[in-house]
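Enquirer: Show me the folded form of this:
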Amino acid sequence: MKTNPLALILLLTLSFPLWAQTSIEAQNLLEQASKQMESYDSIKFKFSYVLNNRVEQINQESKGAVTVAGDKYRLNFLDAIQLFDGEKLYTIVPENEEVTITQPDEEDDFGINPKELLRFYKKGYDYRWDIAQNVKGKNIQFVKLIPTEDNGEIKSLLVGINTALNHIYKLIEVGTNGTVTTLTINSMVVNDSLASDLFIFNASEYPNYYIND
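Expert: Modelled structure (predicted):
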């Protein structure tokens, strides 16, 4: 069907004010959630992670847990432990009896770096108000993020926010290859007392491990 340029221009002109308004509203909601979660001294949450690609008939489900305090975190996921002490990142793999010590990359994917869960949206995306869902009596408002530049891997993101608490509840990434990954926060504890050595790597606890630094 041939497109009428005048009709297209009219449609864009009429819809732009509404799109702009919901974009600002969506951005404000993300910022409120980010500020709320960053205001806590510490956050501990358990999550589920699902990777699905119907074309390739792949469906993988995993669970994990993470504790974040400031710039430090401890992540237990996929039979490995990631420990960041504020300077170095320690990846501990018990199955291989190996520890890898690296300098974290600020551009790491937010799904690998828990700190980025609170700030990844701040650059490189446009925001759109999306659907709302009632999940066990909680109002979850979704915001859709679309990359502003060509991204070879990410087509769009959906961030679900518990509007009563301003907590992130769900993150859905839609890949350009048809893969959909979903991270759901199942439980969260904030400002809990933490062990003083929780984020400190102690080599003596891994006497037979190969330490690759």
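
Enquirer: CA only for contacts and neighbour counts going forward, please
Expert: Noted.

Enquirer: where does this protein dip in pLDDT?
Expert: 1-22, 105-122, 151 (pLDDT under 70).

Enquirer: now the helices for it?
Expert: 5-38 (DSSP state H).

Enquirer: residue boundaries of the strands in it?
Expert: Counting by DSSP state E, the chain has strands at residues 43-53, 58-69, 72-77, 80-84, 89-93, 98-102, 125-135, 138-147, 154-162, 167-175, 180-190, 210-212.

Enquirer: Would you reformat the ones you listed as a markdown table and include mean neighbour count?
Expert: Listed next are those as a markdown table, based on neighbours: other CA atoms under 10 Å:
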| stretch | mean neighbour count |
| --- | --- |
| strand 43-53 | 17 |
| strand 58-69 | 16 |
| strand 72-77 | 20 |
| strand 80-84 | 21 |
| strand 89-93 | 21 |
| strand 98-102 | 16 |
| strand 125-135 | 16 |
| strand 138-147 | 20 |
| strand 154-162 | 21 |
| strand 167-175 | 20 |
| strand 180-190 | 16 |
| strand 210-212 | 13 |
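
Enquirer: Let me have the ones you listed in a markdown table, extended by distance to residue 36.
Expert: As requested, the strands of the chain are exported to a markdown table (distance: least, CA to CA, whole Å):
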| stretch | distance to residue 36 |
| --- | --- |
| strand 43-53 | 11 |
| strand 58-69 | 14 |
| strand 72-77 | 18 |
| strand 80-84 | 22 |
| strand 89-93 | 26 |
| strand 98-102 | 30 |
| strand 125-135 | 19 |
| strand 138-147 | 16 |
| strand 154-162 | 11 |
| strand 167-175 | 7 |
| strand 180-190 | 11 |
| strand 210-212 | 37 |
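
Enquirer: And those strands: which comes nearest residue 200?
Expert: Nearest to residue 200, of all the strands of the chain, is strand 80-84, at 7.7 Å by CA to CA.

Enquirer: Out of the strands of the chain, flag the one nearest residue 198.
Expert: Using CA to CA, the nearest of the strands of the chain to residue 198 is strand 72-77, at 7.6 Å.

Enquirer: same for the closest one, what does it pack against?
Expert: With contacts defined as 3 or more CA pairs under 8 Å, 6 or more residues apart in numbering; DSSP states H and E, the packing partners of strand 72-77 are strand 58-69, strand 80-84.

Enquirer: Understood, closing this out.
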